[in-house]
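1. have a look at this prediction, sequence included:
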Amino acid sequence: MSVQDLPLQDALQNYFGFSKFKGNQETIIQTVLDGRDTFVIMPTGGGKSLCYQLPALLKEGTALVISPLIALMKNQVDQVRGYSENDQVAHFLNSSLNKRQIKEVREDTAAGLTKLLYVAPETLRKTENIEFLKQINISFVAVDEAHCISEWGHDFRPEYRQIRKMIDAIGSRIPVVALTATATPKVQTDIVKNLGMEDHRVFVSSFNRDNLFYEIRPKTDKDTARKEIAKYAVQRKGQRGIVYCLNRKSTEEIAELLRVNGIKAAPYHAGLEAQRRARIQDQFLMEEVDVICATIAFGMGIDKPDVRYVVHFDIPKSIENYYQETGRAGRDGLPSECVAFYSHQDILKLEKFMRDKPVAEREMGGQLLQEMVAYAETGMCRRQFLLHYFGETFSAEECAKNCDNCRHPKERIDVSADLVLMLKAAKATEGRANIPQLVNILRGRATRDVEAAGYQELPEFGQGAEKDERYWNSVLRQGLLQGFLHKGVENYGLIRLTDAGAAFAAKPKPVELALNHDFPSEAAAAEENGHATRAVLDEELLNMLKAERRKVAKKHNLPPYIIFQENSLEDMATQYPVSTDELANIAGVSKGKAMRYGRPFLRVIEQYVEENGVDRPTEIVMRSVAKKGGNKIYIIQNIDKKIGLDDIASAKGLTMDQLLEEMETIVGSGTKLNMDYYLEDILDEYQQEDAMEYFRSTEIDDVDAAYDELKEEGMTMEEVRLMRLKF
């Protein structure tokens, strides 16, 4: 019996070493072998690749696999080669190859040695490649990441819309296999139509990844979120993780913060050279790097089974993006975590990015973004929300407390009366209103689109004015979840009343729900707390530390602020440092200052923590990254070289005031600057001595007060600031 005639179970064992298929893999593979068009929707980690790899090895000819990511192609080819005795079994054809390599790929394919040929759509479009493939026996075409076809998908690629034309140019009646991990009903319809799939079979596996824990955390400010990510990674040291960010700068900053805290981390974004990206990816696969910090916008084709956590520093622009990216966690089936930080500021940024796009694309992106907002703010089971979005029914009881809302449930309230009111509004608008419009109708808000449709004349207008937007969004989501309301596919976002909803409105029953979370914006949090680090400031400890500072200052015959400044004491009263290493990570405290003055303060804190049973924020010493900007090193080096401050400021395009601010930041972080060479040119020794005497005797650190005192000695504000820095 030839290998091609092996029973599928034996073929699976023979080629891949697996004893059994997962889910509906066997039925899918048999359908592909039968030559039928096949549409596979299977979550990340479910085994999509095997659905075309095994048939490719069993069928005569070469399977053409269209994939959007060069990095993913290489990964897939390496994987297939790893199961085979020869490397010719799989190749990729893309822009990363030179002419000699392209020649080798074509020779192996023409000789019938290559069973899987991976190609990017941009490469396939070239005339010479179409002409070459016409001469090859193509067993079938597999379109991986098929959601890229749809404009409603999260990674739309215009080249994907041309795939059908390319296939027809290669040959007639070539079977097509479309595969994706994420596709709403709208996207599914778009894919089938665009690929011209006839007499096809659709296989939709459950979107449920029951080994993943989903959690949303508020991002009150960026610095706090970055530190929280660092603590999170340190607690999981040695585990593999991915941190997704909206921009390149954040990937660099978070990767650096992780590195200084002992985590092997690297940034990964489109701004890096291709060779460096490839090297970082290989290091991640080989476990030389544990955490990758990647931009959301830049696709990272890494198929790594043991990623234990995925963190979103910035919220994604769609649920499809979120699901795809969190899907990189726990592909081996072991417990893994998905944590996303959310603030209204993220949403405003994403909306701003869409302003210059065409109207249709902007509206489409806005709808997808609002779904992401609804997921982040929902008080219901997150798993239930996700699966409902993809058209799958799921009971919250099945979540087994594997999301933050189920693990820490909020109080539930009966909303049946208001749900009926919502259903009446949906009926009155005759399926022509979207979610924001329905909410505004009930709240009595005559927005432009509400007035344009005449909805302010409806009897339901303003009947729910006493309830806020968050409440009505919660009620509406419950109506969708219960099947009482339906969100349109073709007319995306429009809400209509279902038969079940009409029946409920006629004869309502109790319906309970947990209201959506109310996430504060960064601005609101800052206004309420003054600053994030002060949100948990221990006032009693702060007063004790101030008293200790006065004692230490008196002992050393120095002003109290020279020992530790106010913000340093406030940080101590928030972080409760009990060791010199921890103290050295407090704002404005250098290692030297911690060694010189820190011991009595540590004794005060240690005794206070013990006597009051304080639960310290973390037992982990978080090392911070100095905010060195692009100017810090330059300024330090040039002052060491005794270059004039005017020249330093001019070289960096700074005013003298801006240069002094930079220098104050440098000195405040514990770095010494020897400016004697400059001060001796602008101040005589008597002026310098008067200034030093003033700073020794004053009880307050106020540069304006110092200037008022020293201007009588003929000193300018600039000179006073420089002397304060010297002191």
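-> Yes, it's here.
2. excluding residues flanking it in the chain, which one is nearest L569?
-> L545 (4.8 Å; C-beta to C-beta, 6 or more residues apart in numbering). For every residue, glycine as well, the C-beta is placed using N, CA and C.
3. shouldn't the one you found be in contact with F601?
-> Yes. Contact criterion C-beta atoms under 8 Å: L545 and F601 qualify, at 6.2 Å.
4. tell me the spacing between the nearest residue to K74 once chain neighbours are set aside and N434.
-> Excluding its sequence neighbours, the residue lying closest to K74 (C-beta to C-beta, 6+ apart) is F92, at 6.4 Å. Applying C-beta to C-beta, to the nearest Å, the value for F92 to N434 is 43 Å.
5. now swap in L480 and tell me
-> 12 Å.
6. any shared contact partners between these two?
-> Taking C-beta atoms under 8 Å, 6 or more residues apart in numbering as the contact rule, L480 and N434 both touch I495.
7. so how far is G271 from the residue nearest the centre of the chain?
-> Nearest to the geometric centre of the chain sits H312, at 2.6 Å (C-alpha atoms, centre = their mean). To G271, H312 is 20 Å away according to C-beta to C-beta.
8. burial of the residue nearest to K74, as a residue count?
-> By other C-beta atoms under 10 Å, the residues close to F92 number 24.
9. regarding it, what is its secondary structure?
-> Following DSSP: H, G, I helix; E, B strand; the rest coil, the label given to F92 is strand.
10. so A266 is in which element?
-> Counting by DSSP states H and E, the element that carries A266 is strand 265-268.
11. alpha carbons only: can I get that strand in PDB?
-> C-alpha atoms of strand 265-268 as PDB (Å, rounded to 0.1, in the frame of the first residue of the first chain):
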ATOM      1  CA  ALA A 265      13.100  41.100  26.600                       C
ATOM      2  CA  ALA A 266      13.400  42.700  23.100                       C
ATOM      3  CA  PRO A 267      11.300  45.100  21.100                       C
ATOM      4  CA  TYR A 268       9.800  44.000  17.700                       C
END
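12. and it, how far from the chain's centre?
-> Here strand 265-268 is found 14 Å from its chain centre; the criterion is C-alpha atoms, centre = their mean, to the nearest Å.
13. ok, and what's touching that strand?
-> Counting by C-beta under 8 Å, 6+ apart, 233, 248, 251-252, 254-255, 258-259, 277, 280-281, 283-284, 289-295, 298, 300 sit against strand 265-268.
14. A142 and Y52 touch, don't they?
-> Yes. A142 is within contact range of Y52, at 4.0 Å (criterion: C-beta under 8 Å).
15. what's the overlap in contacts for those two?
-> A63, V65, V177, L179.
16. could you dump these into TSV and include distance to P335?
-> Listed next are those as TSV, based on distance: C-beta to C-beta, whole Å:
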residue	distance to P335
A63	35
V65	32
V177	32
L179	26
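17. which of those residues scores worst on pLDDT?
-> Within the shared contacts of A142 and Y52, L179 has the lowest pLDDT, namely 91.
18. for that residue, give its distance to N631.
-> Taking C-beta to C-beta as the measure, L179 falls 50 Å from N631.
19. out of those two, which sits in the busier spot?
-> Ranked by neighbour count (other C-beta under 10 Å), L179 and N631 place L179 first, with 24 against 20.
20. surely the more buried one is in a helix?
-> No. Assigned with three-state DSSP, L179 falls outside any helix and is strand.
21. my guess is G241 contacts A230, does it?
-> No. The criterion here is C-beta under 8 Å, and G241 misses it with A230 at 11.6 Å.
22. count of neighbours near Y597?
-> 21.
23. correction: the previous question concerned G483.
-> Residues lying near G483 (other C-beta under 10 Å) number 14.
24. confidence score at the spatially closest residue to it that is not a sequence neighbour?
-> For G483, ignoring the flanking residues on the chain, the nearest one in space by C-beta to C-beta, 6+ apart is A500 at 5.0 Å. pLDDT for A500: 91.
25. residues of the helix or strand harbouring K165 that come out buried?
-> Assigned by DSSP H and E, K165 falls within helix 163-170. For helix 163-170, the neighbour count (16 or more other C-beta atoms under 10 Å) marks I163, R164, M166, I167, A169, I170 as buried.
26. and if you look at stretch 691-711?
-> Here stretch 691-711 shows A691, Y694, F695, T698, D701, A706, Y707, L710 as buried, counting by 16+ other C-beta under 10 Å.
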